[in-house]
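**Student:** fold the stuff below for me.
(2 chains)
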Amino acid sequence: MTKVTLTVNGRAMSGECEDRTLLVHFIREKLGLTGTHVGCDTTQCGACVVHMDGHSVKSCSILAVQASGSTITTIEGLAGQGELHPVQAAFKEHHGLQCGFCTPGMVMTAVDLINREGGTLTEETVRAGLEGNICRCTGYHNIVKAILAADAEMAGSRQAAE
Amino acid sequence: MYATSYHRASSVEEAVKLKSANEEGKYLSGGMTLIATMKQRLAAPSDLIDLRHISTLRGISIDGRKVTIGAATPHADVAASRELAAICPAICKLAGHIGDPHVRHMGTIGGSIANNDPAADYPAGLLGLGATIVTDRRSIPADDFFIGLFETALEEGEMVTSVTFNAPEKAGYAKFNNPASRFAMTGVFVAKTAGGVRVAVTGAGSSGVFRHPGFEQALGSNWSADALSNVAVDASNLMADMHANAEYRANLVKVMAKRAVASAG
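**Tutor:** Numbering: from 1, shown residues only, chains lettered A, B, ... in the order given. Below you'll find the predicted structure:
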């Protein structure tokens, strides 16, 4: 067993696991944060997307030991002080989900996309940015709408802050 | 996944030493192929030697027209490099269409070429650019590096540390994606270099990436998509699988080559 130490959603956390333990299983089973989902388990669907050191990654395809020492943000870490993150609020407002299983990965992907390309997103670039995420309900239309709305709102509040 | 032991190397020397001490071990870079393969129990290395934390393996440096990309540089960094895009946008475009955004944050150029998947993008880019692959012990021209399906000139324990190339006068890459995996069902990289025109094809050859001398000759005398119209593509050495037969791929090779030339301008 190896000790893995992570900063998860701003808190230092650690646990023991086998070297072959996947990051997603460590997060769900050792840390008890079950918002991150396992969909396909084969690096295709993106339900397991979390941020590692500020970048979106598929936590089903990374070992927990590989991630040790890094800073992780999961879906549980987005909302601040009882208020939804703008991307979460936009998913709610635009009904960007049907069964909801892919939603944590979609939201984490959207936040990463806005972090990288915020203010310049178009329907085309959002759809390209969702290449690694599958919604098996096929509810992409409202997901794209929600991400564009969140991008516009976040760009607006960035401008207001300047 | 079968049990394995993880080691984190902090220098190239340490990594090579760990590898020689663990014969059944494997170097681990982004892991976007290796971890997936281990999960399917198609690979079972006794040890994993993680290269992602070796700082000297990471980054892009540009000296005039000479480009050096560290082996552990993720695809996303190559895709987003403005300095690189200013002199060789085709390689940035290639990197920006590998897999998906999450895969591009982890997967690395060194890992991709050491694996030499016959449908991977980077082998076409590096063979097309006439790049040199630098390892912990020598420099290998791309023409000698890519040998066959998942096979390279790397010796036991040898590790890619960087790739270098001179920015070409013009270059372009076009690929026909497998719609599910984003691997190239056929991808063609064309480059007009100081040493002549080079055309490299991935995703189509039954022994992996290859150059197309007929296309190179035609583009050498007339750099235009039209110059390729009457050049034949032999289907006999092309892959056939559930996605496309060899004749279909032969047609894709020509179509992608034309698009690559058009995108290079």
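**Student:** next, the contact list for A:G15, please.
**Tutor:** A:G15 is in contact with A:K3, A:V4, A:F26, A:K30, A:L31, counting by CB atoms under 8 Å, 6 or more residues apart in numbering or on different chains. All C-beta atoms are positioned from the backbone trio N, CA, C, and that covers glycine.
**Student:** in chain A, which spans are helices?
**Tutor:** A:23-25, A:64-67, A:86-93, A:103-117, A:123-129, A:140-161 (DSSP state H).
**Student:** now, of the contacts of A:G15, which are buried?
**Tutor:** A:V4, A:F26, A:K30, A:L31 (16 or more other CB atoms under 10 Å in any protein chain shown).
**Student:** which one of those is nearest to A:G132?
**Tutor:** When those are compared for distance to A:G132 (CB to CB), A:F26 wins out at 20.8 Å.
**Student:** ok, and the closest non-adjacent residue to the closest one?
**Tutor:** A:A64 (3.7 Å; CB to CB, 6 or more residues apart in numbering or on different chains).
**Student:** ok, A:S68 next?
**Tutor:** In space, A:S68 is closest to A:V4, 4.5 Å off (CB to CB, 6+ apart).
**Student:** I'd say the one you found and A:F26 touch.
**Tutor:** Yes. Using CB atoms under 8 Å, A:V4 is in contact with A:F26, at 6.3 Å.
**Student:** what residues are shared contacts of the two?
**Tutor:** What both A:V4 and A:F26 touch, as defined by CB under 8 Å, 6+ apart, is the set A:G15, A:C17, A:A64, A:A67.
**Student:** so which of these is the most crowded?
**Tutor:** A:A64 (26 neighbours; other CB atoms under 10 Å in any protein chain shown).
**Student:** where does B:I49 land in three-state SS?
**Tutor:** Three-state assignment for B:I49 (DSSP: H, G, I helix; E, B strand; the rest coil): strand.
**Student:** run a quick neighbour tally on A:E123.
**Tutor:** A:E123: 12 neighbours (other CB under 10 Å).
**Student:** please disregard the earlier target; I meant B:E23.
**Tutor:** Quick note: B:E23 (other CB under 10 Å) scores 10 neighbours.
**Student:** quick one: it and chain A, what's the gap?
**Tutor:** For B:E23, the distance to chain A equals 18 Å [CB to the nearest CB, to the nearest Å].
**Student:** and if you look at B:G107?
**Tutor:** B:G107 is 10 Å from chain A, by CB to the nearest CB.
**Student:** show the contacting residues for that residue.
**Tutor:** Contacts for B:G107 (CB under 8 Å, 6+ apart) come out as B:S29, B:G30, B:M32, B:T33, B:P74, B:H75, B:I98, B:G99.
**Student:** how about the third one, nearest residue that isn't a chain neighbour?
**Tutor:** Just to be clear, that refers to B:M32. The nearest residue in space to B:M32 (CB to CB, 6+ apart) is B:G107, at 4.0 Å.
**Student:** OK, contacts around whatever residue of chain B ends up closest to chain A?
**Tutor:** Residue of chain B nearest chain A, by CB to the nearest CB: B:D100 (2.7 Å). Contact criterion CB under 8 Å, 6+ apart gives A:G46, A:E131, A:G132, A:N133, B:R182 as the residues in contact with B:D100.
**Student:** again, only this time at 10 Å
**Tutor:** A:43-44, A:46, A:49, A:56, A:58, A:109, A:128-133, B:181-182 (CB atoms under 10 Å, 6 or more residues apart in numbering or on different chains).
**Student:** quick one: buried ones out of these?
**Tutor:** A:43-44, A:46, A:49, A:56, A:58, A:109, A:129-133, B:182.
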